[in-house]
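K.L.:
Sharing a model prediction with you, sequence too.
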Amino acid sequence: MTILGNDPRNQPPGSAPDPDSDSGTDAGVDDAVDGSGDGKREQLAAITRRGDGERLTTNQGLGIVDDQNTLKVGDRGPALLEDFLLREKITHFDHERIPERVVHARGAAAHGYFQVYADQSALTKAAFLQDPAVRTPVFVRFSTVAGSRGSSDLARDVRGFAVKFYTTEGNYDLVGNNMPVFFIQDAIKFPDLVHAVKPEPHNEIPQAASAHDTFWDFISLMPEAMHMVLWVMSDRGIPRSLRMMEGFGVHSFRFVTADGTSSFVKFHWKPLLGVHSLIWPEALQVSGHDPDFHRRDLWEAIDGGAFPEWELGVQVVPEADEHRFAFDLLDATKLIPEELVPVQRIGKMTLNRNVDNYFAETEQVAFHAGHVVPGIDFSDDPLLAGRLFSYTDTQLLRLGGPNFHQIPINRPLASAHNHQRDGLHRQTIDAGRVAYSPNTLGGGCPMQVPSAAGGFSTHAATVTGDKRRRRGPKFFDHYSQAAMFLNSLADWEQAHLVAALQFELGKVVTAAVVERMLGQLQQVQPALAQRVSIGLGIPVPASIELPLNRSVPEDADPAAFASVPVDSSLLPSPALSMARRQPGGIATRCIAILAANGVDAGSVHAMQDALLAAGARSKIVAPHGGALHCADGSSMRIDHSLLTTRSVMFDAVFVAGGADSVAELARHSGARHFVHEAYWHFKTIAAVAEGCSLVDAADVGETLPDGSGADPGMLLLREGAVAPMIDGFIGAIGRHRHWERERAALRRG
Ligand code: HDE
């Protein structure tokens, strides 16, 4: 009955036809939807092949005697074309690659489950949002947008945050980003945006970077992009970890209840580890040292049992309030400030299992903004409209045909039955002669599902108007929310944003593009343009002819577009600042313990135990690999030598005591640099007893760089045992970084 051979482990679950129907069934597994959250795991396990203990065969199951030598004439050849073993192996290899995603090519993914906190039937009839006892399996793929599959995790970029819920009513995909707004308002501009940010077509440079002429040329001509550009230039563009990012559905969607009441909804993911980022100089170094930094971090956290968690938040706006705001709910370049519409946290997602095979799962997963379930529907956002077409289209190319939904990772847990047939790589045998509807020969099956019985019916919204290429009038306020975002940031966040713009525009060769961008920033906030211009050494032009807004239609009355609408009601929104999204705690943080031969093992063990108890990890970093001989005669395993790691791989540094150990470290330029670098990335540094002299040798001190006070991120205990400093160390790491150090350095100049 299947095309996967006789091994029962290779049978696609549910591939047998529905006995009650004369129509084919599409990998349905009713049994797997048991509410335990394990359904998808079991479905995948049933078709997972492992080589352990197996014999080597061809793809036809033929046992292979010699997989080391090609069939030749004599010992030295020539090789024979007859060698079907060689041909099969090489041919398969030649075809191993599929096209990478045109955007979001580089990703990392994991399995987990979602559980709602309480019945949400007052908001939506979606089944997975009703019963707190039910765990819905999820598969989540994070990604960068612009880079190729082999690029670095550390690019300054938007991060994709795509969640596939395998619900009892079919797959629901929430395909979002780690920023709440988007660059463009209308899908028709998406290919232009992507062409502008991707490597330039003549020389394919630069990889995974927006810091080049074509991107800024385009952006400088697109006032609607200013809000999103500020998000990308903020530290949100360089997350500390995928586990420490927020996620956003971006568009307004609809919730629909059982009685047909609809409201608008914006989706949020709130990470329980807080929202944290790297700083740019650090990201540049991590990129060279470990371009897989984010992937590895996610993998190791899940592997080590530190399962990342996010709460699902919703901002709900009743239909009657659709026009209540100064911005348009259908405009994806605008967010709803949380102070206007609070985020209700309605459930939690936990990622608890790494993939078994990157290609089969992370690469072949196919998300689609149009995969919804009853109770969730679309708004008329013109950006969303384009997405609803694009995602299927792209999978047809990427995954090679119309049956990509039958690839294991994409199969729903809910049974799927219809009259679609055939096509490349069909995985089911659709038995019977009835492949049409209506029919009597198949008893009318599969039958349509009334909405009362869980079928999907589009919310009946009333629409009127002329058919034309236009945007709503509120769409033309391009700068108010950009300014709101800027004004909501802490001073250090603003300083990083300014530095990012200086870096990016500093890489732009065409002077007119830079000037035009300064003109755009001037519209957001004159002080911003001024600050950016200082680093560029280019004055803000006294007057600059800003481009015509390209989205003004040619048949429009120019007077209607003469003045730009401004939302003067917007106040700074504290919720937008990462500074306010840091819960403290050091769970899953990684701390370097610097040590050499002769180290005081007691201080190391005490610190390791305390960090572990607080949920953090520690690694011994030494001048060499292997093991350390400690002062008390014991030995200690080294995790990294100074050759193979850098301070940028850690959240904080502890220098253990021991006279010989510290003397060796102080002589080692790598050890001194380690501490120095961590200090200038504003991390917590602690040292005990002799360890303090390495900190002294690293040319960093306990007072802030401008001498204005004690540095709360520097904890030096020159005498005694480590115990009294442990709580302070953990508390200081929980602050993520010590921005007063950066502030003081800026003051000092
Ligand atoms: Fe996507 N987007 N997108 N996008 N997008 C894709 O689909 C597209 C947009 C997002 O991990 C592609 O399977 C259009 C917004 C994520 O597999 C493609 C438009 C948001 C991912 C596509 C947008 C996203 C994609 C490429 C404008 C945030 C990765 C490969 C109308 C809400 C999903 C693929 C994964 C991927 C099209 C805009 C998020 C080409 C046409 C806005 C997270 O179909």
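P.N.:
Nice, I can see it.
K.L.:
what's the pLDDT at the residue nearest to I98 when sequence neighbours are not counted?
P.N.:
Distance criterion C-beta to C-beta, 6 or more residues apart in numbering; nearest residue to I98, sequence neighbours excluded, is R398 at 6.0 Å. (C-beta placed from N, C-alpha, C; glycine too.) Looking at R398, its pLDDT reads 97.
K.L.:
could you say which helix or strand contains E282?
P.N.:
Using DSSP states H and E, E282 sits in helix 280-289.
K.L.:
Give me the helices and strands touching that helix, please.
P.N.:
Applying 3 or more C-beta pairs under 8 Å, 6 or more residues apart in numbering; DSSP states H and E, we find helix 280-289 packed against helix 491-506.
K.L.:
Show me the contact partners of the helix it packs on.
P.N.:
Outside helix 491-506, the residues within contact range by C-beta atoms under 8 Å, 6 or more residues apart in numbering are 156, 210-211, 216, 230, 233-235, 237, 279-280, 486, 489, 514, 517-518, 521, 528, 531-532, 535-536, 577-579, 739, 742-743, 746.
K.L.:
List only buried entries from the residues you listed.
P.N.:
Using 16 or more other C-beta atoms under 10 Å as the burial test, these include 156, 210-211, 216, 230, 233-235, 237, 279-280, 486, 489, 514, 517-518, 521, 528, 531-532, 536, 577-579, 739, 742-743 as buried.
K.L.:
Give me the subset of those residues lying in helices.
P.N.:
Among the buried ones among the contacts of helix 491-506, DSSP state H puts 216, 230, 233, 280, 486, 514, 517-518, 521, 528, 531-532, 536, 739, 742-743 in helices.
K.L.:
which residue packs closest to L56, ignoring adjacent ones?
P.N.:
Distance criterion C-beta to C-beta, 6+ apart; nearest residue to L56, sequence neighbours excluded, is I64 at 4.7 Å.
K.L.:
Report the contact partners of that neighbour.
P.N.:
I64 neighbours (C-beta under 8 Å, 6+ apart): 56-58, 85.
K.L.:
Tell me the confidence at it?
P.N.:
Per-residue pLDDT puts I64 at 97.
K.L.:
can you tell me if the helix or strand that the helix holding E282 is followed by touches the ligand.
P.N.:
Counting by DSSP H and E, the next helix or strand C-terminal to helix 280-289 is helix 293-303. No: Helix 293-303 lies out of reach of the ligand by C-beta under 6 Å from any ligand atom, never closer than 13.3 Å.
K.L.:
which helices and strands sit right next to the helix or strand following helix 293-303?
P.N.:
Following the chain from helix 293-303 toward its C-terminal end, the next helix or strand by DSSP H and E is strand 309-318. With contacts taken as 3+ C-beta pairs under 8 Å, 6+ apart, strand 309-318 sits against strand 262-271, strand 344-354.
K.L.:
follow-up on the earlier one: touching, the residue nearest to I98 and H104? I think so.
P.N.:
No: assessed by C-beta atoms under 8 Å, R398 is found out of contact with H104, at 11.2 Å.
K.L.:
nearest spatial neighbour of the closest residue to the ligand within the stretch 151-300 of the chain, skipping sequence neighbours?
P.N.:
Closest residue of the stretch 151-300 of the chain to the ligand, C-beta to the nearest ligand atom: G160 (2.8 Å). Among residues not flanking G160 along the chain, S143 sits closest, at 3.7 Å (C-beta to C-beta, 6+ apart).
K.L.:
what's near enough to touch A482?
P.N.:
Applying C-beta under 8 Å, 6+ apart, the residues near A482 are 226-227, 229-230, 524.
K.L.:
let's see 10 Å
P.N.:
Counting by C-beta atoms under 10 Å, 6 or more residues apart in numbering, A482 makes contact with 181, 223-231, 333, 520-521, 523-525, 528.
K.L.:
quick one: it and the ligand, what's the gap?
P.N.:
Distance, A482 to the ligand, by C-beta to the nearest ligand atom, to the nearest Å: 17 Å.
K.L.:
Then G537?
P.N.:
Taken as C-beta to the nearest ligand atom, the span from G537 to the ligand is 35 Å.
K.L.:
So what's the residue count around that residue?
P.N.:
8 (other C-beta atoms under 10 Å).
K.L.:
And for A556?
P.N.:
Neighbourhood size, A556 [other C-beta under 10 Å]: 14.
K.L.:
Let's verify it: helix, strand, or coil?
P.N.:
coil (DSSP: H, G, I helix; E, B strand; the rest coil).
K.L.:
now it, nearest residue through space, not along the chain?
P.N.:
Of all residues not flanking A556 in the chain, R470 sits nearest, at 7.4 Å (C-beta to C-beta, 6+ apart).
K.L.:
pretty sure the one you found contacts E554?
P.N.:
No: applying C-beta atoms under 10 Å as the test, R470 and E554 come out as separate, 11.0 Å apart.
K.L.:
With neighbour numbers in mind, choose between those two.
P.N.:
The residue with more neighbours, out of R470 and E554 and counting by other C-beta under 10 Å, is R470; that gives 16 against 5.
K.L.:
Tell me the secondary structure at the more buried one.
P.N.:
Quick answer, by three-state DSSP: R470 is coil.
K.L.:
Next one: it from the ligand, what distance?
P.N.:
17 Å.
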